[in-house]
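Colleague: got a predicted structure here, sequence first:
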Amino acid sequence: MDAASVRQLFAHLLRQRRAGPRLLGAFRPPAWLLYLGVLGPGLVSASAGNDVGGIATYASVGARYGYDLIWMMVLITVPLIVIQEQCARMGAVTGKGLNDLIREEFGPRWTVIAMLGLLIANGGVTATEFVGIGAAAWLFGISRYVMVPIMAVVVWWLIVKGNYRQVERVFLALTLVFIAYPISAVLARPDWGLALHSAVVPTFRPDPEYILLFVATVGTTISPYMQVGQQDLVVEKGVTVGELASTRVGVIVGSIFAILVAIFIIIATAGTLYESAVQNGQAGVVITTADQAARALEPLAGRYAEALFAIGIFGASMLAAAVLPLATALSVCEAFGWERGVDLDLREAPIFYGLLTFLIGAGALVALIPGVPVIRLLIVVQVVNGLVLPILLVLITRIAGNREVMGRYANGRFLRTVAWVITGVMTLLALMMVVTTLLEIVGVTF
């Protein structure tokens, strides 16, 4: 082959290389995977709110009061979308996490307060997620002393050894596990007509326990780590203003998906535990943990319903056990200006990975303590979350409406009004939860 032929061959290969994306079009990922990737942070952060504590709360609602509170879940979809969208928008516009913006706009004092509350609450919730993993394993006949350490290592390895895209794919795959709950609801053979009626016609009972469950359900549906996680995941993914429209779609779809999962958990327990109790002349069933709900389903809806419920508990706990330590480590490091991010290695971000390791390891260790007081731990977490949430919502609403920070992407008059109304209502409900929880601790009942 002469020199001219060689030059022609290299020129041809160079043209092929430049045209690579078009020539390799047949090897693109499936469309459904691309759409799922667009949902990313919105779907992951909202789904992480349906953790083992959330599942227990929704199961309690269905088992104790049947379909009565479904209307509230429908109503709370709007506040959830508004709050999560503000955080996603702030992350895309500024390229900064929530705690970074709080430090810049309000100083280190509010940052330390928010970080301390978040660290305590998220550390406690992480421990309950590993308790949930152990409970789900026990339902399948596996010892928690085997499953919890293995899953802790898996979570740590996934985050430490993967980049953001790989971590996000695993998170998105875990959200698919929540499909177990709609199937459980179908197996429960509920009264779908009554469920639909309860979704559109509000029912309210002047019952202290009903009010307490109402407030607890709102609190577990909108938790502080969801807002922090939403913005941190947007920043970690590198979302820009040009991708804001698709990010909003992700927030809306993720929020609706999370609410639907919660509703199906309520329907599954209402159609079995509540209706069975009513037939026996009782006023519902008291459920305190998610695995109690799973065990109680088997005699009424069959082994498959129990198994699906347990799979949902495991998937939800795994997702939250990964998202919470990651979001917390990102937030704390961001607040104090330390290097952070799963795309950095251990030498580049030692404090980030050290904090991440501590949260996962401590959470798994607490879950292995015999007779660990899960309910008391959840109560402490509820109180801390109830104190942190109002502060966080006020700061979020102020930053999202600040044109110096957000420019033309700041909240307009209408959205600003809606956001402040939501902040006021959520603050009132959060404080009600804190007061009733503290009174219950000291033995005062209504």
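Modeller: Sure, I can see it.
Colleague: so who does residue 403 touch?
Modeller: The neighbourhood of residue 403, defined by Cβ atoms under 8 Å, 6 or more residues apart in numbering, consists of residue 410. Every residue, glycine included, has its C-beta placed from N, CA and C.
Colleague: what does it show for phi and psi?
Modeller: Per-residue torsions, residue 403: phi -70, psi -20 (degrees, to the nearest 10).
Colleague: which helices and strands sit right next to the helix or strand where residue 420 lies?
Modeller: Assigned by DSSP states H and E, residue 420 belongs to helix 413-441. Packing contacts for helix 413-441, counted by 3 or more Cβ pairs under 8 Å, 6 or more residues apart in numbering; DSSP states H and E, involve helix 77-94, helix 208-221, helix 374-400.
Colleague: of these, which is nearest residue 365?
Modeller: helix 374-400 (13.2 Å; Cβ to Cβ).
Colleague: got the buried residues for that closest one?
Modeller: Using 16 or more other Cβ atoms under 10 Å as the test for burial, helix 374-400 gives 374, 377-379, 381-400.
Colleague: show the average pLDDT along it.
Modeller: Mean pLDDT, helix 374-400: 80.
Colleague: again with stretch 338-355
Modeller: 84.
Colleague: which residues in the stretch 151-300 of the chain form strands?
Modeller: Using DSSP state E, counting those that start in this stretch, the stretch 151-300 of the chain contains no strands.
Colleague: which residues in it form helices?
Modeller: 164-175, 180-187, 192-200, 208-221, 224-237, 244-269, 275-279, 290-301 (DSSP state H, counting those that start in this stretch).
Colleague: the longest one packs against which elements?
Modeller: The one in question is helix 244-269. Using 3+ Cβ pairs under 8 Å, 6+ apart, helix 244-269 is in contact with helix 31-48, helix 52-65, helix 70-75, helix 77-94, helix 180-187, helix 208-221, helix 290-301, helix 303-335.
Colleague: distance from that helix to the middle of the chain?
Modeller: 10 Å (Cα atoms, centre = their mean, to the nearest Å).
Colleague: and the second one, by the same measure?
Modeller: The chain centroid and the centroid of helix 180-187 are separated by 20 Å, computed with Cα atoms, centre = their mean.
Colleague: what packs against that helix?
Modeller: Looks like helix 180-187 contacts helix 244-269, helix 290-301, helix 303-335 (3+ Cβ pairs under 8 Å, 6+ apart).
Colleague: quick one, it and helix 303-335 angle?
Modeller: 150 degrees (axes from the mean of the first three to the mean of the last three Cα atoms, to 10 degrees).
Colleague: likewise the third one?
Modeller: Per the same axes, to 10 degrees, the angle that helix 192-200 makes with helix 303-335 is 20 degrees.
Colleague: what comes up buried for helix 192-200?
Modeller: For helix 192-200, by 16+ other Cβ under 10 Å, it's 194, 195, 198, 199.
Colleague: save the residues you listed as CSV, and put in pLDDT and distance to residue 52 too.
Modeller: Putting these into CSV (pLDDT from 0 to 100; distance: Cβ to Cβ, whole Å) gives the following:
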residue, pLDDT, distance to residue 52
194, 92, 28
195, 92, 24
198, 92, 25
199, 92, 25
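Colleague: low-scoring stretches of this protein, by residue?
Modeller: 1-43, 45-49, 162-166, 168, 297-302, 372-376, 378-379, 440-446 (pLDDT under 70).
Colleague: quick one: residue 331 from residue 150, how far?
Modeller: Here the distance between residue 331 and residue 150 works out to 27 Å (Cβ to Cβ, to the nearest Å).
Colleague: which one of those two has more residues nearby?
Modeller: For residue 331 and residue 150, the more surrounded residue by other Cβ atoms under 10 Å is residue 331, and the numbers stand at 28 against 13.
Colleague: tell me the contacts of that one?
Modeller: So residue 331 contacts 97, 98, 99, 115, 118, 228, 232 (Cβ under 8 Å, 6+ apart).
Colleague: among those residues, which two are most distant?
Modeller: Maximum distance among these (Cβ to Cβ): 12.9 Å, for 115 and 232.
Colleague: higher neighbour count, the two?
Modeller: Taking neighbours as other Cβ under 10 Å, residue 115 and residue 232 compare with residue 232 leading, 30 against 22.
Colleague: please report how far that one lies from residue 148.
Modeller: Residue 232 is 26 Å from residue 148, by Cβ to Cβ.
Colleague: now swap in residue 294 and tell me
Modeller: For residue 294, the distance to residue 148 - Cβ to Cβ - is 17 Å.
Colleague: and what of residue 171?
Modeller: In terms of Cβ to Cβ, residue 171 sits 20 Å off from residue 148.
Colleague: and for residue 222?
Modeller: From residue 222 to residue 148 the distance is 28 Å (Cβ to Cβ).
Colleague: can you check residue 99 too?
Modeller: 30 Å.
Colleague: same question, residue 177
Modeller: The value you get for residue 177 to residue 148, if Cβ to Cβ is used, is 18 Å.
Colleague: neighbour count for those two, which is higher?
Modeller: Taking other Cβ under 10 Å, residue 177 and residue 148 do not tie; residue 148 has more neighbours (24 against 20).
Colleague: now that one, what are its backbone angles?
Modeller: phi -60, psi -50.
Colleague: that one: what's it in contact with?
Modeller: Residue 148 neighbours (Cβ under 8 Å, 6+ apart): 130, 133, 134, 137, 364, 367, 368.
Colleague: again, only using 6 Å
Modeller: 130, 133, 134, 364, 367, 368 (Cβ atoms under 6 Å, 6 or more residues apart in numbering).
Colleague: quick one, which of the residues you listed are buried?
Modeller: For the contacts of residue 148, buried by 16+ other Cβ under 10 Å: 130, 133, 134, 364, 367.
Colleague: counting neighbours, which bits of stretch 341-358 end up buried?
Modeller: Quick answer for stretch 341-358 (16+ other Cβ under 10 Å): 341, 342, 349, 352, 353, 355, 356, 357.
Colleague: from those, which land in helices?
Modeller: Members of those lying in helices (criterion: DSSP state H): 352, 353, 355, 356, 357.
Colleague: of those residues, closest to residue 108?
Modeller: Nearest to residue 108 among these, with distances taken as Cβ to Cβ, is residue 355, at 18.4 Å.
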